[in-house]
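Chemist: Sharing a sequence plus its predicted fold:
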Amino acid sequence: MKKLTRLAALLLALVIAVGVGIVGISAAEGEVAEVAAASDTAGITVYYKCEGKTPYIYYWNALPKNLETAYPGVKMSKATDQGDDWYKYTFKDSTKINLLFTDGTNTLEGQLSKELTRNSGEWWHDGRKWYKSNPDIKIDPVPGEGGDMREDSIYFVMTTRFYDGDSGNNVHCWDDGQAGNPETDPAWRGDFKGLGEKLDYLKALGFSAIWVTPVVENASGYDYHGYHAMDFSKVDSRYESDDYTYQDLINDAHEKGMKIIQDVVWQHTGNFGESFFCPLFERDYDADLSNLEESMIPTDYLLSSYGLSSATEYWSQKPYDQYQQRLNMMKDTASYPGSVGNTTGLHPGDDDYDIIKLSSGKYNEHNYYHSGYWQSPNWDDWTTKFCQIAGDCVDLNTENPAVAEYIVEAYSQYLEMGVDGFRVDTVRHIPRLSLNMMYNTQFHDAAKLAGNNHFMMFGEICTRYTQVWYRDHAEESTPYYTWAESNDKWAKEWSFDTTPEAINNNMNLTFDHYREEDKVSDEPTSNNAFLNGITYHTPDRSKSSGMEAIDFQMHRMFGDAKNAYGFAVGNDKYYNDATWNVMYVDSHDYAPEGPSEFTRFEGGTQTWAENLSLMFTFRGIPCVYYGSEVEFAKGQKIDVGPNAPLAETGRAYFGDYLEGTVNATDFSEYTATGEVKATLESPLAKHLTKLNAVRRAIPALQKGQYTSDSKYASGSMAYIRRYTDEKEGIDSLALVTVSGGATFKNIPNGTYIDAITGDKQTVTNGTLTATCSGKGNARVYVCCASGFDGITGAIGETNLTYLK
């Protein structure tokens, strides 16, 4: 009503002005006006980006003293210090004001923005939305170019369930009623503003990288998690606030020396279409977003395709019919009746094999999606690459160069915003050949163009299996995706044309590739993760695909850290470089293997402590899912869809643990009050805080290779880490044992200091014995001899519950 009232007033003003022949502004013609002020206790400065002309600003209803100007407003001044096309206006004594931007003409067509409101502070508007800082100026997370992601540890947040910084953008999913989520706990609850407010909490724990769930515009009955995209190119406004955007979060994280890892989905969209691939709906953000029929407006393309005269007619159909219509327009399903179950007994290369289908009907004419239905693949073979893995995950034709081109273009804009890395969803459902030909290198190149020379991608190559080769298929296995193609014939035969024939060629080529490359006995090995004796060597990354991996086998085995460790030592050679593996215990999908793998991990606090002690000292990058620092929601089912309230699942709201204040003066150093103080002081949180501090102080624990060879280390989980960089003058050597004592042999003589306790030993005969008892306890003896990067004593608090 407020918006309509103001618009009516504006129209009336225009009518009166035209009727008496008056066109005026509050300052002299051409003058740049700026409101003077009597004090410096308040103030609003707005910047507006406008290409090709000087914008005007029309304002009214200022507080505490009213200010207003006649339409179309006053001319803004050039803000030369902000870069090209930025203009500035300041209200020096105001704490709140209504405004809009115009082109200076006395017409409605001259309006450049909708009606806006600002409070005290500096604000930037790029023609689309507000920012807290100039969106054209990126802030590096660390001085210079930014650092190797192995120097970081990762905290994984489901943004909507972490912390609510703006209750005004809270909204129920369409299926919240079915789930039983109350008004006090809508599925879309946490937001970017809340995450930004709690960056100091994550820094206090010692984390320097934040993995956020997908940020793009979504559409499904239960889309709070972000994996059902409707527009890859747009940030979902339900995450953002009027005064806090995704860009603000990226900038704030970088200002604190932290990085943002964005979860991205290339394999599928949601089933409501996608703005480029199949535009079936537009969302009305002025409507009630919790109401499906009010907020989702069918496009003319959708309505006309089925002879429907209105949105009302579309929504009056049965939900099943609505879904089938959408799916048909996306995948041309009507042209392939009965195509769901025809894969039995067929294998790539069979003479009667005829599963490569392009669209032959009215829809999906550009073959953006895999044609046909195919919802229930055999999860253990090639069908996972060409099938719809769920009803709300409609599989894109990732072999189509046009699909790859749009995905790279759409997601590159987030790299330009300053995103530091990608976690890539459902990688095992994309052929490795497609990734190597059209995605991996292209994204690394895009990151470099955006100024990020340390960009990292790691993929969810989901193999719920405790052997390195999944069901004896190399092409389905986690290490396989970390390698580039070894045979250049694939690149020679791959087509970058978008004709049906070319797309069909690529799809068939992936099957030929599967048939020829699937033998586990033919797979390469690498020594990139291993020391040469106890000497570091420069890793050979020339054969890397550019896609690192979540270590699914360690994840599966973290019910017992010794099993996870033993498996890694025996199989790291199959990764291109396992020092880049991302390790976690549990996630938004699974816990370790066992009867409770679909619940948040409930193996006990001491088991958690042991897992973390291993993860933060072993090769790879440690990652912790939100709330694990207090065993949040342990034993709760991780994901049950809209069949129970989120509060009763592993995706419950964590914000209650974060109330209060926290000020991180550095990583793992802070002051805090309120409930968040108690959270940070819980035994597991303190364990994490110290482990983060230890890892951050010792380069060998971040990027070092390792050996567990009995010639050098004897113990249950005992190993030596070393990292050398002659250019930077770094030589870091650490002797590590977890949950038990160990003896280290044939090591350099000199002084060693334990980062856990501060114990100092002088080695004269190449041997050091570390005494360590208690599950989850650890020792990290750092070589402080001449020429090595040493430490001066214990790092962080001593004599904790598990590190003592």
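Modeler: Ah, there it is.

Chemist: So, low pLDDT: which residues of the protein?
Modeler: Low-confidence segments of the chain, defined by pLDDT under 70: 1-41, 141-146, 336-358, 360, 373-377.

Chemist: can we see that at 90?
Modeler: Counting by pLDDT under 90, the ranges of the chain that qualify are 1-42, 108, 128-133, 135-147, 333-362, 371-384, 386-387, 465, 594-595.

Chemist: Tabulate the CA atom coordinates of stretch 673-691 in CSV.
Modeler: Extracted in CSV, the C-alpha atoms of stretch 673-691 (Å, rounded to 0.1, in the frame of the first residue of the first chain):
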residue,chain,number,x,y,z
THR,A,673,29.9,-13.1,25.9
GLY,A,674,26.6,-14.9,26.1
GLU,A,675,25.6,-18.3,24.7
VAL,A,676,28.3,-18.1,22.0
LYS,A,677,30.9,-17.9,24.7
ALA,A,678,29.6,-21.2,26.2
THR,A,679,29.6,-22.8,22.7
LEU,A,680,33.3,-21.8,22.1
GLU,A,681,34.2,-23.1,25.5
SER,A,682,32.8,-26.6,25.0
PRO,A,683,35.5,-29.3,25.0
LEU,A,684,35.3,-30.2,21.4
ALA,A,685,35.2,-26.5,20.3
LYS,A,686,38.3,-25.8,22.3
HIS,A,687,39.9,-28.9,20.8
LEU,A,688,39.1,-27.6,17.3
THR,A,689,40.4,-24.1,18.2
LYS,A,690,43.8,-25.4,19.3
LEU,A,691,44.1,-27.8,16.3
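
Chemist: partner residues bridging the spatially most central residue of the chain?
Modeler: Centroid-nearest residue in the chain: residue 262, 2.2 Å away (criterion: C-alpha atoms, centre = their mean). For residue 262, the beta-bridge partners are residue 212, residue 422 (DSSP bridges).

Chemist: Check the secondary structure at residue 395 for me.
Modeler: Secondary structure, DSSP: H, G, I helix; E, B strand; the rest coil: residue 395 is strand.

Chemist: I'd like to know how far it sits from residue 386.
Modeler: Residue 395 sits 7 Å away from residue 386, going by C-beta to C-beta, to the nearest Å. Yep, even glycine has a C-beta here, placed from its N, CA and C like the rest.

Chemist: Same check on residue 430?
Modeler: Computed as C-beta to C-beta, the residue 430 to residue 386 distance reads 10 Å.

Chemist: Residue 113 is in contact with residue 127, isn't it?
Modeler: Yes - contact status for residue 113 versus residue 127: in contact at 7.3 Å, counting by C-beta atoms under 8 Å.

Chemist: More neighbours: which of these two?
Modeler: residue 113 (18 against 13; other C-beta atoms under 10 Å).

Chemist: Quickly note the distance from the more buried one to residue 57.
Modeler: Distance from residue 113 to residue 57, by C-beta to C-beta: 10 Å.

Chemist: Now do the shared contacts for the two.
Modeler: By C-beta atoms under 8 Å, 6 or more residues apart in numbering, residue 113 and residue 57 have these common neighbours: 100-101.

Chemist: Not counting sequence-adjacent ones, nearest residue to residue 596?
Modeler: residue 602 (5.9 Å; C-beta to C-beta, 6 or more residues apart in numbering).

Chemist: what's next to stretch 556-569, contact-wise?
Modeler: 464-466, 468, 551, 553-554, 578, 585-586, 592-594, 601, 603, 607, 610-611, 613-614, 618-619, 708, 716-717, 719, 738-739.

Chemist: Mind checking which of the residues you listed are buried?
Modeler: 465, 468, 551, 553-554, 578, 585-586, 592-593, 601, 603, 607, 610-611, 613-614, 618-619, 708, 717, 719, 738-739 (16 or more other C-beta atoms under 10 Å).
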